[in-house]
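Chemist: here you go, sequence then predicted model.
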Amino acid sequence: MAVNLTKGQKVDLTKTNPGLQKLTIGLGWNPRRTDGQQFDLDASAFLVKGDGKVRDEKDMVFYGNKSHESNCIIHGGDNRDGQGEGDDEKMNVDLALVPADIDKIVVSVTIHEASERGQNFGMVDGAYVRIVDESKPAGQQEILRYDLSEDASTNTAMIFARLYRKDGEWKFEAVGQGYNAGLKGLCTDHGIQVEG
């Protein structure tokens, strides 16, 4: 049975799920209200060192760089409207392939062209992140889930969660931290300089 988390909660991933190696990070959302323009939310992952910064820009996995050079994360592609049931975007992770000098995987979601479209996370409903164990049989795969219920009315980007190493094990933290500066702000915070 999946564990439902609240903001700030941390749980063991590999200690409580022995042998966990291949997993899927599933992210979902639905537009709450709209003026007719589509909501294009984009999932991304930053692979960061102990200082919270990437080694270089290749350590960001998103729709424009769908696979990390180590193949530890592969992005499933861009869903441009968030319509339909289930996960809107997915990232497949192989924990055994994460480079040794990477301490955290920061999972974030941004709203594409948020300022131009006048959109923010206050207009989004039912946002969540979940971890699926790919070694388990269908129907028993979801091992944890974090539903973002907080009102992020002005935010155009959010860190949903972090996977991090501690004492040789992988852990999961439900974050729910909003950003007003969109993707650019997230990139800057994690050591990637964005032009413009």
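Modeler: Thanks, I have the structure now.

Chemist: now residue 183: which helix or strand?
Modeler: For residue 183, the element it lies in under DSSP states H and E is helix 182-189.

Chemist: that helix - what's its average pLDDT?
Modeler: The average of the pLDDT scores along helix 182-189 is 90.

Chemist: off-centre distance for the worst-scoring helix or strand of the chain on mean pLDDT?
Modeler: Every helix and strand of the chain was ranked by mean pLDDT, DSSP states H and E. The lowest is helix 114-117, at a mean of 85. When distances are taken as CA atoms, centre = their mean, to the nearest Å, helix 114-117 is centred 21 Å away from the chain's centroid.

Chemist: same question for stretch 43-60.
Modeler: Here the centre of stretch 43-60 is set off from its chain's centre by 13 Å, with CA atoms, centre = their mean.

Chemist: isn't residue 71 right up against residue 96?
Modeler: No. Using CB atoms under 8 Å, residue 71 and residue 96 do not qualify as a contacting pair, with a distance of 10.4 Å. In this view, the C-beta of every residue, glycine as well, is placed from N, C-alpha and C.

Chemist: can I get the least confident helix or strand of the chain in CSV, CA atoms only?
Modeler: Taking Å, rounded to 0.1, in the frame of the first residue of the first chain, the C-alpha atoms of helix 114-117 are listed here in CSV:
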residue,chain,number,x,y,z
ALA,A,114,3.5,31.4,-17.4
SER,A,115,4.0,35.2,-17.4
GLU,A,116,3.0,35.6,-21.0
ARG,A,117,-0.2,33.6,-20.4
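
Chemist: which residues touch that helix?
Modeler: With contacts defined as CB atoms under 8 Å, 6 or more residues apart in numbering, helix 114-117 is touched by 37, 111, 120, 156-157, 182.

Chemist: now the two most distant members of these.
Modeler: 37 and 157 (17.9 Å; CB to CB).

Chemist: re earlier: so which of the contacts of helix 114-117 is the most crowded?
Modeler: In terms of neighbours by other CB atoms under 10 Å, these top out with residue 157 at 27 neighbours.

Chemist: circling back: ok, so of the contacts of helix 114-117, who is nearest residue 103?
Modeler: Distance ranking of those against residue 103, using CB to CB, places residue 157 first at 21.5 Å.

Chemist: partners of that closest one in the sheet?
Modeler: residue 110, residue 179 (DSSP bridges).

Chemist: how about it, what does it touch?
Modeler: By CB under 8 Å, 6+ apart, the contact set of residue 157 is 108-111, 114, 178-183, 185-186.

Chemist: cutoff 10 Å now
Modeler: Going by CB atoms under 10 Å, 6 or more residues apart in numbering, residue 157 touches 41-42, 44, 108-111, 114, 120-121, 177-187, 189.

Chemist: now do it, the pLDDT please.
Modeler: 90.

Chemist: how about the strands in this protein?
Modeler: 3-5, 10-12, 22-31, 41-48, 60-61, 73-75, 89-94, 104-111, 124-133, 142-147, 157-166, 169-179 (DSSP state E).

Chemist: for residue 195, find the nearest of the ones you listed.
Modeler: Closest among those, using CB to CB: strand 60-61, at 14.8 Å.
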